[in-house]
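Peer 1: need coordinates for the following:
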Amino acid sequence: MSELQGAEAVVLVGGKGTRLRPLTLSAPKPMLPTAGVPFLTHLLSRIREVGIRHVVLGTSYKAEVFEEHFGDGADLGLELEYVVEEEPLDTAGAIRNVAHLLREPDVMIFNGDILSGVDLRGVLNTHRTAEADVTLHLVKVNDPRRFGCVPTDEDGRVTAFLEKTENPPTDQINAGCYVFKREVIEAIPAGRPVSVERETFPGLLAGGARLQGHVDTSYWLDLGTPAAFVQGSTDLVRGIAPSAALTEGTGEALIKAGATVHEGAVLRGGSTVGAGCTVAEGAVLDGAVLFDGAVIGEGAVVERSVVGAGALVQAGAVVADAVIGDGAVIGARCELRDGVRVWPGVVLPEAGVRFSADV
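Peer 2: Numbering: from 1, shown residues only. Predicted coordinates for the structure are as follows:
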C-alpha cells in the first residue's frame with residue numbers, strides 16, 4: 001500500500017482498563033493477547049494497511065510495555081513515537097499532549113480499545129471533501145440508549161452532542177475515531193484535563209467550526225469488559241472483525257506455535273490457544289481465549305472465557321463466562337459461571353464446588 005500523503009495517526013492507550021481486571025493487572029488493555037497478538041497490533045495493522053506511516057502512541061499506565069514490544073515500529077512498517085501522560089488529561093487533553101510530535105495537516109485519532117471495521121480512507125475522504133475542522137466516525141447501533149448520541153443534518157454536519165437518554169433522537173453514536181486538522185489540536189488547552197465531548201466539540205460547534213460525521217454500520221466493539229474482550233477475540237479469529245495481523249487465516253480456532261492440543265479435544269467458536277498451552281483429551285473450548293502457557297485438563301470445558309497466562313484448569317472443571325487470572329488453579333470438577341473472576345495465583349480446591357462470586 002502506498003503512503004497516504006498528508007495524514008498521520010495518534011492512538012490513545014493510556015487507560016488502566018479497570019473493568020478488565022484481573023487481566024490488566026499485568027498488562028495494559030491494548031496489550032492483552034487478542035486472537036493471539038496484542039490487541040494494539042490489530043489496530044496498527046489496519047492503520048498501516050491504508051498507507052499511514054507515522055503513528056504516535058499516547059501512553060500512561062504501564063507505559064514502558066508498549067515501547068518494549070513495538071520499538072520504533074519498523075517490524076510493522078511504521079514509524080512509532082511515544083508520549084507518556086504523567087497525569088490523567090482526559091481524551092482531548094491526551095490528544096493535545098502529543099501535539100509537539102505531529103507534522104501532517106490531517107491527524108487520525110483512535111481510542112486504543114475499539115475494534116472497528118470502518119473504512120479508514122473513507123473517513124479521511126469525508127473529512128477532506130467536507131473541508132471539516134474535525135470529522136467523527138459515527139456508527140449506527142441497535143440500542144443507542146447506552147451511549148451519548150451525535151445527530152447530524154442532511155449534509156452530514158454534526159449538530160449536537162447528547163448525553164445518554166431513554167429516548168435518543170438518533171441511533172448514531174461516537175465511535176472513538178476522529179480526524180482533526182492539526183491546528184485544531186494545537187488550540188486545545190495544554191497541561192490540564194480536557195474532555196473532547198464535553199468541552200472541545202461543544203466549543204468548536206459554538207464557535208462555528210465544521211464538525212462532520214462519517215456515518216456507517218460497520219463492525220464496532222468497545223473491548224472494555226471481559227465479555228466484550230472475548231467477543232472481540234473470537235470475532236477476529238472467525239473473520240467477522242477485520243485485521244491485517246492474522247497471518248494464520250481465520251476459522252473456528254487459532255492455535256499458536258508451540259501449543260499442544262490433543263486430537264480428542266474440541267475447539268470451536270473462534271477460540272485461541274496461546275503459545276505453550278496444553279489442551280488435554282476430551283477438553284472443549286468454545287469461544288475460549290487461552291493466554292500463553294495455560295493448561296486445560298481432560299474433559300474440562302471452557303466457554304466464552306479468558307484463561308490467563310500459566311493458569312491451570314484441571315480435569316472435569318467447567319469455566320463459562322468467567323475470567324481466570326494468570327497462574328490461577330481451578331480444581332478438578334469445579335464450576336465457575338456468570339462473570340466470576342479468579343484473581344492471579346488463587347488456587348481453588350478439587351472439590352467440585354460451583355462458584356458464582358469473584359475469588
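Peer 1: kindly list the longest strand within this structure.
Peer 2: For the chain, the strand that runs over the most residues, judged by DSSP state E, is strand 172-181.
Peer 1: ok, and what's touching that strand?
Peer 2: 7, 95, 105-111, 114, 116, 118, 120, 123-124, 127, 132-141, 144, 147-152, 161, 196-197, 213, 215, 220, 222 (CB atoms under 8 Å, 6 or more residues apart in numbering). Just so you know, the C-beta spots here come from the backbone N, C-alpha and C atoms, and that holds for glycine as well.
Peer 1: next one: stretch 218-232
Peer 2: Judged by CB under 8 Å, 6+ apart, the contacts made with stretch 218-232 from elsewhere in the structure are 17, 19-20, 23, 29, 32, 34, 39, 113-119, 139, 141, 175-176, 235, 240-242, 287, 289, 304-306, 321, 323, 339, 341.
Peer 1: and what of stretch 13-28?
Peer 2: By CB under 8 Å, 6+ apart, the residues outside stretch 13-28 that reach it are 29-30, 32, 40, 57-63, 65-66, 85, 88, 94, 112-113, 223-226, 229, 306, 308-309, 323, 325-326, 341-344.
Peer 1: 7 Å instead, please
Peer 2: With CB atoms under 7 Å, 6 or more residues apart in numbering as the contact definition, stretch 13-28 has outside contacts at 29-30, 32, 40, 57-62, 65-66, 85, 94, 112-113, 224-226, 229, 306, 308, 323, 325-326, 341, 343-344.
Peer 1: repeat for stretch 308-317
Peer 2: Counting by CB under 7 Å, 6+ apart, the neighbours of stretch 308-317 from elsewhere in the structure are 23, 291-300, 302, 307, 319, 324-334, 344, 350.
Peer 1: neighbours of the nearest residue to Glu197 once chain neighbours are set aside, how many?
Peer 2: Leaving out its chain neighbours, the residue that sits closest to Glu197 by CB to CB, 6 or more residues apart in numbering is Phe161, at 5.5 Å. By the measure other CB atoms under 10 Å, the count of residues near Phe161 is 18.
Peer 1: what does the one 5 residues further on give?
Peer 2: Other residues lying near Glu166 total 5 when counted by other CB under 10 Å.
Peer 1: for it, give me phi and psi.
Peer 2: Here the main-chain torsion angles of Glu166 (degrees, to the nearest 10) amount to phi -70, psi -20.
Peer 1: which ones among the contacts of stretch 218-232 lie within strands?
Peer 2: Residues of the contacts of stretch 218-232 located in strands (DSSP E): Thr34, Ile114, Leu115, Ser116, Val139, Ala175, Gly176, Val289, Val306, Val323, Arg341.
Peer 1: how about the nearest residue to Glu163 once chain neighbours are set aside, what does it touch?
Peer 2: The spatially closest residue to Glu163, leaving aside those adjacent along the chain, is Gly148, at 5.6 Å (CB to CB, 6+ apart). Contacts here follow CB under 7 Å, 6+ apart; on that basis Gly148 touches Phe161, Leu162, Glu163, Lys164, Ile173, Asn174, Glu197.
Peer 1: who's in contact with Val134?
Peer 2: Residues in contact with Val134 (CB under 7 Å, 6+ apart) are Tyr178, Val179, Phe180, Val184, Leu204, Leu211.
Peer 1: how about it, phi and psi?
Peer 2: Main-chain torsions, Val134, degrees, to the nearest 10: phi -140, psi 140.
Peer 1: just list whatever residues bridge to it.
Peer 2: Per DSSP bridges, the residues bridged to Val134 are Phe180, Leu211.
Peer 1: how far away is it from Val179?
Peer 2: With distances taken as CB to CB, to the nearest Å, Val134 is found 7 Å from Val179.
Peer 1: which of the contacts of Gly148 fall in helices?
Peer 2: If you go by DSSP state H, the contacts of Gly148 have nothing in helices.
Peer 1: between these, which sits nearest Thr250?
Peer 2: Each of the contacts of Gly148 was scored against Thr250 by CB to CB, and Ile173 proved nearest at 27.4 Å.
Peer 1: measure that closest one to Thr217 for me?
Peer 2: In this structure, Ile173 and Thr217 are 12 Å apart, going by CB to CB.
Peer 1: so which of these two has more stuff around it?
Peer 2: Regarding Ile173 and Thr217, a neighbour count based on other CB under 10 Å identifies Ile173 as having more, with 22 against 12.
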